[in-house]
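J.: just coords:
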């Protein structure tokens with residue numbers, strides 16, 4: 001599965017280099033919103049649609065001819081291929097517009113320094129949980145910006161938590177990367193038997209989830225970096 005995430009990360013990078021980023025709306029939880037707008041009443045088949053799977057996995061923003069459909073939640077969704085439809089079948093919720101607020105899944109990790117990283121340790125904080133990898137170039141660009149926000153609003157109860165999906169055997173690579181980038185917010189390697197990225201339904205990195213002080217996810221960014229301006233705008237109303 002980690003190899004699949006590596007391939008997906010490379011695909012996202014290629015889309016960015018081709019200018020897909022400029023086409024996207026860029027807001028929190030945008031991926032899936034267009035697909036939701038394209039949802040037709042059950043039984044009605046659209047000729048073109050935003051493929052929800054391609055939006056999240058490949059950064060695709062254009063309408064595509066419908067090659068397969070699926071009925072879900074009272075609507076019909078169109079996909080660009082049978083493969084995308086099958087991917088949707090495996091985890092529909094991951095590809096549809098998210099519900100806000102919703103409870104944040106559990107965290108049971110340890111930082112590179114050996115400290116416990118769970119919601120008990122982060123109690124009463126507004127937290128951005130950022131899933132990333134050393135091989136994810138868009139992640140590299142976002143992390144210094146997230147560090148700046150962590151520093152700027154730390155005294156007001158905000159924290160960034162970085163969750164690397166690198167293999168545990170790559171710990172030295174992760175530590176070297178963190179040192180070079182001067183990242184000081186908590187970093188954990190998510191390589192356990194029940195990794196957090198599966199509970200958060202992460203299909204590609206970068207992926208970030210904003211959790212309020214009550215433990216509710218209130219915003220998310222999937223497949224594209226969480227822009228510092230967007231994150232700042234989202235966290236300010238939540239801070240003390």
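T.: Nice, thanks for sending it over. What you see is a predicted model; the values in this text were computed from it and never measured.

J.: show me where the protein dips below the pLDDT cut-off.
T.: Where the chain drops to pLDDT under 70, the residues are 1-43.

J.: okay but residue 161 is in contact with residue 116, surely?
T.: No: applying C-beta atoms under 8 Å as the test, residue 161 and residue 116 come out as separate, 11.9 Å apart. No exception for glycine: its C-beta is placed from N, CA and C like everyone else's.

J.: with neighbour numbers in mind, choose between the two.
T.: residue 161 (26 against 13; other C-beta atoms under 10 Å).

J.: if I pick that one, what's in contact with it?
T.: Residues near residue 161 by C-beta atoms under 8 Å, 6 or more residues apart in numbering: 107, 117, 122, 127, 128, 129, 130, 185, 186, 188.

J.: so it: helix, strand or coil?
T.: At residue 161, secondary structure determined by DSSP: H, G, I helix; E, B strand; the rest coil is strand.

J.: quick check: it vs residue 65, distance?
T.: Residue 161 is 41 Å from residue 65, where distance means C-beta to C-beta, to the nearest Å.

J.: quick one, strands of this protein?
T.: 40-41, 48-49, 64-65, 68-72, 75-79, 102-103, 108-110, 116-118, 126-132, 158-164, 187-189, 207-211, 216-222 (DSSP state E).

J.: looking at those strands, which is buried most?
T.: Greatest average neighbour count among those goes to strand 207-211 (a mean of 27), per mean count of other C-beta atoms under 10 Å.

J.: now for that one, which elements pack on it?
T.: Counting contacts by 3 or more C-beta pairs under 8 Å, 6 or more residues apart in numbering; DSSP states H and E, strand 207-211 packs against strand 126-132, strand 216-222, helix 228-235.

J.: reformat these as JSON lines; add distance to residue 138.
T.: Formatted as JSON lines, these follow (distance: least, C-beta to C-beta, whole Å):
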{"stretch": "strand 126-132", "distance to residue 138": "9"}
{"stretch": "strand 216-222", "distance to residue 138": "11"}
{"stretch": "helix 228-235", "distance to residue 138": "13"}
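
J.: which one of these lies nearest to residue 144?
T.: Between residue 144 and these, the tightest spacing by C-beta to C-beta is seen for helix 228-235, at 9.2 Å.

J.: which strands and helices sit next to the closest one?
T.: Partner elements for helix 228-235 (3+ C-beta pairs under 8 Å, 6+ apart): strand 126-132, helix 137-153, strand 207-211, strand 216-222.

J.: what's the closest non-adjacent residue to residue 207?
T.: residue 131 (4.5 Å; C-beta to C-beta, 6 or more residues apart in numbering).
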